[in-house]
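> Output the structure for:
(3 chains)
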Amino acid sequence: MRKKLNELNFEFKVQNPKDFPAEFLHYGVVGSGDMEIIMEKKPLGGAVKVKVLTPVIGFEEVWRRVLNRFVNDTGIANASIEINDCNATPVVGSLRLRQALSELKEVGNVQ
Amino acid sequence: MSSRWEALQHQSFLECNARQRATALVDPDTFTELAGPRDRLSSPHLPVLGEAIQFDDGIVTGVGLIGRKPIFIASQEGRFIGGAVGEVHGAKLVNIVRLARESFDGMTAKGNLPEERRPAVVLSVDTGGVRLHEANAGLLAHAELIDQFQDCKGKVPVVCLIGGKVGCFGGMGFIAAAADIIIMSQNGRLGLTGPEVIEEEMGKEEFDSSDRSLVYRTTGGKHRYIMRDCNFLAADSIAAFRAALRDALALPYAALDAQRRIGSLEKVEEQLKLVDLCVKLAPKDSKDVWKYAGNEDPGALVDMTLDTFLKQVKRLSVA
Amino acid sequence: MSEPRKWDTRKTDYLERMSGAAPYIGKGKVVAAPDTTKVLEAAIRPFDRVNIEGNNQKQADFLAECLKKCDTHRVHDLHMVQSAVPLAVHLDLFEVGIARKLDFAFGGPQAGRVAQFINEGKLQLGAIHTYLELFARYFIDLTPRVSLVCAYEGDASGNLYTGFNTEDTPAIVEATKFRQGIVIAQVNKLVEKVSRVDIPGEWVDVVVESPKPFFLEPLFTRDPALITDTQVLMAMMAIDGIYAEYGIKSLNHGIGFNTAAIELLLPTYGEERNLKGKICTEWALNPHPTLIPAIETGWVETIHSFGGELGMQRYCEARGDVFFLGPDGTMRSNRAFSQTAGHYAIDMFIGGTLQIDKYGNSSTATANRVAGFGGAPNMGCDAKGRRHCTEAWLKCGAEFVSQSEYLGIMPRGKRLVVQMVETFGEKMAPAFVDKLDAWQLAKNANLPLPPVMIYADDLTHIITEEGIAYLLKCRGLEERMAAIRGVAGFTDIGLSAKPEETRALREKGIIRTVDDLGIDTGRANRSLLAAKNMYELVEWSGGLYDPPVRFRNW
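Residues are numbered from 1 along each chain as shown, chains lettered A, B, ... in the order given. Next up, the predicted model:
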């Protein structure tokens, strides 16, 4: 079976949105079992769009849940998120998303 | 930003990622990344093969300052496909060296350039060599890089830092050998063929790759330092590498020839003498060579702390 | 007229066999290495029960190789009774027909071949055991007729010095020798006088100096450089949610990175929590290198070890107040006693697993590998015979809601049995499953029962990255299953959880999430580890720890 890099696309909208506070943010390394994230400010009428590139197939629902929980926990809005994944488990994914956001608190506007 | 830079100084160089190394090796708040994740110059080949990509294709390139010296820095990410060199990755490597040289040309065109302002190339190497998925492009990049090194002669010094988990292997092994100065930590490794491949080709009796102590005795920083394959040995911290880098860059350009491993008839003859020595000595282990170099208790060198090692060690000299 | 029964046939048989071996036995009990196979052919009869010593660490590898070389006309269809089958030669014996039946406890690297040979009819499985259970049967129905053991030193009288890696030897030798069996020992070195008499010469029949020292596997060594942020997070949860909560002073850590992370967090996170002296003071544990920082900072009062970990010998022998050293100053491990301690004298077992089913049964068995159990079932269960009390044991018993169904109003303690597992393992394999792969293995390998390492009725707690499920607080199977679903994250099992159910369990304190436990996830990273790599462990030990070569990166 031919391998391929899968593209998953999601859109979320939260109840009490907080605009993504930076222009651009990058976090992480695409090591084995890990992932990197770009978050960018984007006018989406309060929504969040996420694009995931992953070599793993069949876990779209898990990704949806992980991202949905992240978006709801943080309330972020008007942002575009791009993820390059290399077999990260949900726990690593959630951790990296949280760590990416905490970068913002540390350094203010990044890049 | 500066407190982040401060904190990184104390971190293990081995454990830092490529971006952390690049940012923290140059002076605080001076690093500007070029062709970074924002530009999304990822590999066009990997998705076709179903492999994960990285926005910067596994290498951080940019410009910073050390004192008044412009530093053109490339820092390989060993955790992404073992830091292997693909098309975009290779192009970024080649171009950062070219940019350094062109900057030098531009700066000298305006008149006399003080030594402290002479640009330098710093490569933090953490790679297994050519990325097999993009083998042709990777190999081409190696050729182009050596070409750039040659064009840099008489213009900008090229310094290699080796202290990551992957080390410096494959084609990048001989690229590093062509640099002016190599700085390693004891955890860094410099070689050509990887240990597993040696074992596969030559058998476990000849080289047991699971014996990591053997691997480090054969390719690790301490051994390379004794053999004069590397010029400086630094502790495993960003600050230590930075300090060694500053010492290396403080050398006048004229002194670089003495630091190189190749590039002159004298150097070639030295290497030939080493080959003769190898035949004569027929060492079974690096420790045999360390002993020949004048180290009475070669075994003790392995676990020695860096400070003690640097004070005590006798490096190999072929007359 | 019938003949009166003879009552010493075993002895007669023993003498016959030894007379066959006599030509090869030189000074005292010494046999030269090249003659070993001949001695085995004389000492062993077809269909014998034979033990080859070897457990997690040391292996009587030379004797195993010699056994393989035996003439299959003289030696065949043996019933192997041994703790583990980690070496290729152990399974080769079945391939060539020297061995036919196997009773053991741990598969290791050969686990796949065990399954395969069962299928092909080359191996008839007796049963998979836990170590202490197998030793117990050596004294009832699985007594070895001939045992092949290994030791550091032996002398011409047969005295053996087993020292740091004593492990199974005393149990094997006692069972064998005191039923008129034959004990053959390979030693690293033949000496005039052994450093210490661990096995008296009268109990040993043959001593052979092997060409190479016996094989030693550093099975319990974990490189701190490989510990992940997630493992640090779960270690913080364990320390706060269980160790501190119950005051766990006596314990065993199952093998793995999860427990290694806990060990490395004691001097840092444990110290912050002011827990020194209150937890982790008494251990039934192999000498884990990752426990060095905790030992050095005064957390540990005593450790008794099942075996010896390669590279730790000098360290252990320099820490006489903590480890079990003889009058001569060297350590002696003892698996039988340590496992007994692990069963009766510790308040908690905590370890990892590959799979947990929706009921809470856990197993490391996969469809095609007969992994075995090791020591986990012995320690990962409630010791019903225990009578002495500790705070932790009493608290656990008091929380065990179902106890009254069996005991009425009678109070009783209970051992904590904790499984730590990330909801998804390598390659996104879910840890929580509807049906364990063990069922498939039972089918593939013709086993009478699915091999379960820890049964649901012994399991008291599950820790995942989502939270801790306090299963002992659940009333009935349904509530337990709901608690498991509540911490099973985004696996199918976890996705089938009803949010109201999970919320209700949280309110009852049956599930405590990371937030409920008050864990600062921002701090859950490797910088919290007391040692981040092997080199730092060596530094902590003052240079006494000597990591095996495969762990060195300098």
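
> Could you use CA atoms for every contact and neighbour count after this?
Fine.

> Give the buried residues for stretch B:290-305.
B:290-293, B:295, B:298, B:301-302 (16 or more other CA atoms under 10 Å in any protein chain shown).

> again, but for stretch C:236-254
In stretch C:236-254, counting by 16+ other CA under 10 Å, buried: C:236-244, C:246-254.

> So which residues make contact with it?
C:259, C:262, C:265, C:269-270, C:275, C:278-285, C:342, C:345-352, C:376, C:379, C:391-392, C:395-396, C:463, C:467-468, C:514, C:517, C:519, C:524 (CA atoms under 8 Å, 6 or more residues apart in numbering or on different chains).

> List buried members of those residues by neighbour count.
C:259, C:262, C:265, C:269-270, C:275, C:279-285, C:342, C:345-352, C:376, C:379, C:392, C:395-396, C:463, C:467-468, C:514, C:517, C:519, C:524.

> Nearest to chain A: which residue in chain B?
residue B:50 (3.5 Å; CA to the nearest CA).

> can you pull the contacts of that residue?
A:3-6, A:55.

> Select from those every entry located in strands.
Judged by DSSP state E, the contacts of residue B:50 include residue A:6 as members of strands.

> out of the contacts of residue B:50, who's near chain B?
A:3-6, A:55 (CA under 8 Å from any CA of the partner chain).

> For the closest residue to chain B within the stretch 351-500 of chain C, which three-state class applies?
Closest approach between the stretch 351-500 of chain C and chain B, counting by CA to the nearest CA: residue C:427, at 14.2 Å. Of the three states, residue C:427 takes helix under DSSP: H, G, I helix; E, B strand; the rest coil.

> same deal with residue A:99?
Look at residue A:99: counting by three-state DSSP, its state is helix.

> pLDDT at it, what is it?
Note on residue A:99: pLDDT of 87.

> before we move on, what about the one 10 residues further on?
Per-residue confidence at residue A:109 stands at 41 (pLDDT).

> Could you list which residues are in contact with the residue in the stretch 51-200 of chain C positioned nearest to chain A?
Proximity of the stretch 51-200 of chain C to chain A (CA to the nearest CA) peaks at residue C:109, 24.3 Å away. Contact analysis of residue C:109 by CA under 8 Å, 6+ apart lists C:86-87.

> what about it, distance to residue A:62?
33 Å (CA to CA, to the nearest Å).

> just residue C:482 next, same as before
Residue C:482 is 20 Å from residue A:62, where distance means CA to CA.

> shouldn't residue A:50 be in contact with residue A:9?
Yes. Contact criterion CA atoms under 8 Å: residue A:50 and residue A:9 qualify, at 5.7 Å.

> Mind checking which of the two has more residues around it?
residue A:50 (19 against 15; other CA atoms under 10 Å in any protein chain shown).

> In the stretch 451-554 of chain C, mark out all the helices, start to finish.
C:476-487, C:492-495, C:499-508, C:534-540 (DSSP state H, counting those that start in this stretch).

> ditto for chain B
Here chain B has its helices, by DSSP state H, at B:2-9, B:18-25, B:87-109, B:135-152, B:171-177, B:195-202, B:212-219, B:221-226, B:238-250, B:256-259, B:265-281, B:286-292, B:300-303, B:306-312.

> Just give the number of residues close to the nearest residue to residue C:217 once chain neighbours are set aside.
Nearest non-adjacent residue to residue C:217, counting by CA to CA, 6 or more residues apart in numbering or on different chains: residue C:57, 4.7 Å away. Per other CA under 10 Å, the neighbour tally for residue C:57 reads 22.

> Equivalent analysis for the one 5 residues further on, please.
By the other CA under 10 Å criterion, the neighbourhood of residue C:62 contains 26 residues.

> Return the per-residue confidence for it.
Per-residue pLDDT puts residue C:62 at 98.

> Contact partners for it?
Contacts of residue C:62 (CA under 8 Å, 6+ apart): C:186, C:210-212, C:214.

> Can you report phi and psi for it?
Main-chain torsions, residue C:62, degrees, to the nearest 10: phi -60, psi -40.

> Distance of it relative to residue C:215?
The value you get for residue C:62 to residue C:215, if CA to CA is used, is 9 Å.

> again with residue A:13
According to CA to CA, residue A:13 stands 61 Å off from residue C:215.

> count of neighbours near residue C:277?
Neighbours of residue C:277 using other CA under 10 Å come to 13.

> and the nearest residue to it once chain neighbours are set aside, how many residues sit next to it?
Counting by CA to CA, 6+ apart, residue C:299 is the residue found nearest to residue C:277 once chain neighbours are left out, at 6.2 Å. Close neighbours of residue C:299, defined as other CA under 10 Å, add up to 23.

> that's a strand at residue A:72, yeah?
No. With three-state DSSP as the criterion, residue A:72 is assigned helix and is not in a strand.

> Who are the contact partners of it?
residue A:14.

> so where's the chain uncertain?
Unless you meant another one, I'm taking chain A. Along chain A, the model assigns pLDDT under 70 to residues A:1-2, A:106-111.

> looking at chain B here, not the other one
Within chain B, the ranges that satisfy pLDDT under 70 run B:1, B:319.

> Show me which residues of it are close to chain A?
So chain B meets chain A at B:1, B:17, B:37, B:47-55, B:79-81 (CA under 8 Å from any CA).

> for those, which one is nearest chain C?
Nearest to chain C among these is residue B:79, at 13.0 Å by CA to the nearest CA.

> The closest one: how many residues sit nearby?
Neighbour number of residue B:79 under other CA under 10 Å is 21.

> That one reaches residue A:34, doesn't it?
No. Using CA under 8 Å as the test, residue B:79 is too far from residue A:34 to be in contact (9.6 Å).

> how about the residues of chain C near chain B?
C:549-554.

> Of these, which pair is most distant in space?
Within the residues of chain C next to chain B, C:550 and C:554 form the most distant pair, 10.9 Å apart (CA to CA).

> what do the two both touch?
Common neighbours of residue C:550 and residue C:554 (CA under 8 Å, 6+ apart) are residue B:213.

> okay, those two: which has more neighbours?
Neighbours per residue (other CA under 10 Å) separate residue C:550 from residue C:554, with residue C:554 holding more: 23 against 15.

> ok, that one touching residue B:220?
Yes. Between residue C:554 and residue B:220 a contact is recorded at 6.8 Å, counting by CA under 8 Å.

> joint contacts of the two?
B:186-187.

> How many residues are close by the residue nearest to residue C:357 when sequence neighbours are not counted?
Closest residue to residue C:357 apart from its sequence neighbours, by CA to CA, 6+ apart: residue C:433 at 4.8 Å. Residues within reach of residue C:433, counting by other CA under 10 Å, total 20.

> now residue C:140
Neighbours of residue C:140 under the rule other CA under 10 Å: 10.

> Check residue B:275 too.
Residue B:275 is flanked by 12 other residues according to other CA under 10 Å.

> what residue is smack in the middle of chain A?
Residue closest to the average C-alpha location in chain A (CA atoms, centre = their mean): residue A:81, at 4.8 Å.

> Please see if whichever helix or strand it is part of touches chain B.
Per DSSP states H and E, residue A:81 falls inside strand A:79-86. Yes. Using CA under 8 Å from any CA, strand A:79-86 reaches chain B at A:84-86.

> List the contacts of residue C:334.
With contact taken as CA under 8 Å, 6+ apart, residue C:334 is in contact with C:166-168, C:170, C:305-307.

> Got the phi and psi for residue C:544?
The phi/psi pair for residue C:544 (degrees, to the nearest 10) is phi -80, psi -30.

> actually residue C:253, not the one I typed
The phi/psi pair for residue C:253 (degrees, to the nearest 10) is phi -100, psi 120.

> ok, now how distant is it from residue C:347?
Going from residue C:253 to residue C:347 by CA to CA gives 11 Å.

> How about chain A: which residue is closest to chain B?
For chain A, the residue closest to chain B is residue A:4, as judged by CA to the nearest CA, at 3.5 Å.
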